[in-house]
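Participant: Quick one, fold the following:
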Amino acid sequence: MAHFINYDKKFIPYGILHYYSSGQTCEEVVASLLRSHEKNPKLFPRVHAQEVEFWYDSFKNENYDFSQSPTVAPHTKLENLPVLHHVFHGVNAADQQSLLKTCKQFKHMIEGEKRLFEHVEFRMSNNSIMLQVKCGINFNKIRTVYKKNGDRCTIIKDKKNTKSEKDFMDAALYDFSKTVEMIHTKVKKLTVKYGEYKVAEVDRVRFMTGVSGILDSLKEKLHVEDLEMSCHEPHELESILQSLKPGVLTKLDFSTYRKEEKEEARREENSDEDSDADSDADSNADSDDEEEDEPVFKIKDSQIFKEHLPHFKNLCHTSETVDLKLEDFAHVPRVFIQIAEITPEEVKAHKEKLLQSPNFDNHQIYDSRRFRGYGTNQEQELARAMGPYKKITKDFEEFVDEQVSGYIPYENGTEDLLHFDVTSYKITFSRRSKRMRAFMRLDGEMEVEDEGEEEDKEELN
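Facilitator: Predicted structure coming up:
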């Protein structure tokens, strides 16, 4: 069989005709042929992109003469090099946008493929779904709304209403799949969210299952650089992350809602209580509620999450405690998150890592379970773990909550400072440049000597 393939010159065009007849694009054919060659190079010869393009052009012109010898452009110009496809497929969305201005061939290739998106936004509300696609080439937006109408739906696009025989969920998911199904599609930001209290549970599950199913069925993992999504359980987050290219996703912003559900139920129960109930009994009940363990979103041991975590530059999570530790995201420049059980030892180690990190920007770390009810003793204990440092006070304290603030200089010659605030509900770390500090002084901040320091008070420039 291998002998036959190597010497039958018609084998390759016959195979390409099969792909052409099935409706596959030239790029998809090249990818399929390369995969076949990589798996079994003795059985499948290597076919170059220009050869596939030659036969596609021939078939489009209704020329099925398989005795032709493919002709390719001479490699005398950059735009004629066969490696050109690999160049612009291997860069991120911002680089592709820059390549549009580099040479005509890049411009024609990127514009012709129409696979570069600035933002793909897929949101579900009560009985309706919105799909908004912002082009990454001309930045035009196409907004489509699918409204439930019994077993059918009304599709609103370009201010025109169209009746569809499809269910609103099926219609929206179909268009979403068509948006991302092509290989080499690049999405700068992908948003997949639903209104927590406005969506029926059965619709929410169907929506998320449909999205993850579409992404999982793609021929290659999707290029997404920024992901914003809603999720109830860790497996919903994992189902999306496993379909995205590792090393490409640098920003993750995800919201969970289980905690809010419990709090809402608790508020409803409290509202039904007898208004004449004994105040002491109510106080004890509130204390019991506070002592209950809050739900924890468990992702620390997820292999899929671990695969993406080293590449994050932004990590944001709201609405619930996650089971991560400070050491898990010390390398991430920007973090907004709520975790549990922050200890002075962890804070001290975290501080040291941030002082060694050249890319650190800002960390806001919430820990309501740890801080709740501990008062200022806990704050002072965590602040001492920052030492040695210079303490910061303000002429006017805006908040009632006790706050310990201070700074530690970086020892890299930049004159930057690692600034921190410890309050009853969060710890904030931030990197402050000399220029930024000039603005901060206008806010009434003053540097004073820390109680544990023997140094003389110095004015920071």
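Participant: tell me the average confidence for the helix or strand Lys189 falls within?
Facilitator: With elements taken from DSSP states H and E, the one containing Lys189 is strand 186-194. The average pLDDT for strand 186-194 rounds to 96.
Participant: hang on, isn't Pro45 packed against His37?
Facilitator: Yes: the pair formed by Pro45 and His37 meets the contact definition of Cβ atoms under 8 Å, at 6.9 Å. C-betas here are computed from N, CA, C, even on glycine.
Participant: Show me what the strand holding Lys189 packs onto, helices and strands only.
Facilitator: Packing partners of strand 186-194 (3 or more Cβ pairs under 8 Å, 6 or more residues apart in numbering; DSSP states H and E): helix 93-99, strand 116-125, helix 201-216, strand 223-231.
Participant: Tell me who's in contact with Arg432.
Facilitator: Tyr407, Asp416, Leu417, Leu418, His419, Met440 (Cβ atoms under 8 Å, 6 or more residues apart in numbering).
Participant: Looking at those, spot the one nearest Phe66.
Facilitator: Asp416 (67.1 Å; Cβ to Cβ).
Participant: pretty sure the closest one is touching Arg435, no?
Facilitator: No: using Cβ under 8 Å, Asp416 makes no contact with Arg435, being 10.2 Å away.
Participant: out of these two, which sits in the busier spot?
Facilitator: Comparing Asp416 with Arg435 by other Cβ atoms under 10 Å, the one with more neighbours is Asp416, at 19 against 8.
Participant: Nearest spatial neighbour of the more buried one, chain-adjacent residues omitted?
Facilitator: Using Cβ to Cβ, 6 or more residues apart in numbering and skipping the chain neighbours, the partner closest in space to Asp416 is Tyr410 (4.6 Å).
Participant: distance of that neighbour from Phe429?
Facilitator: 12 Å (Cβ to Cβ, to the nearest Å).
Participant: swap in Lys300?
Facilitator: Counting by Cβ to Cβ, the gap from Lys300 to Phe429 is 21 Å.
Participant: List the residues that contact the residue lying closest to Val322 once chain neighbours are set aside.
Facilitator: Computed as Cβ to Cβ, 6+ apart, the closest residue to Val322 that is not its neighbour in sequence is Phe297, at 4.7 Å. The contact partners of Phe297, taken as Cβ under 8 Å, 6+ apart, are Pro234, Thr256, Arg258, His317, Glu320, Thr321, Val322, Asp323.
Participant: Let me see the domain layout of the chain.
Facilitator: Domains of the chain are assigned by automatic domain parsing as 2-75, 93-269+289-323.
Participant: so which of those domains gets nearest His350?
Facilitator: Among those, domain 93-269+289-323 sits nearest to His350 (Cβ to Cβ), with 14.3 Å.
Participant: Next, the distance between the ends of that closest one.
Facilitator: Separation of the first and last residues of domain 93-269+289-323 by Cα to Cα, to the nearest Å is 32 Å.
Participant: what residue ranges in the stretch 151-300 of the chain score low on pLDDT?
Facilitator: The model of the stretch 151-300 of the chain has pLDDT under 70 over residues 257-294.
Participant: Same question for the stretch 301-450 of the chain.
Facilitator: In the stretch 301-450 of the chain, residues with pLDDT under 70: 368-377, 394-402, 439-450.
Participant: if we can go back for a sec, how many degrees apart are the strand holding Lys189 and strand 116-125 in direction?
Facilitator: 10 degrees (axes from the mean of the first three to the mean of the last three Cα atoms, to 10 degrees).
Participant: Would you give the sheet partners of strand 186-194, along with the direction of each?
Facilitator: strand 116-125 (parallel), strand 223-231 (parallel) (DSSP bridges).
Participant: Much appreciated, bye for now.
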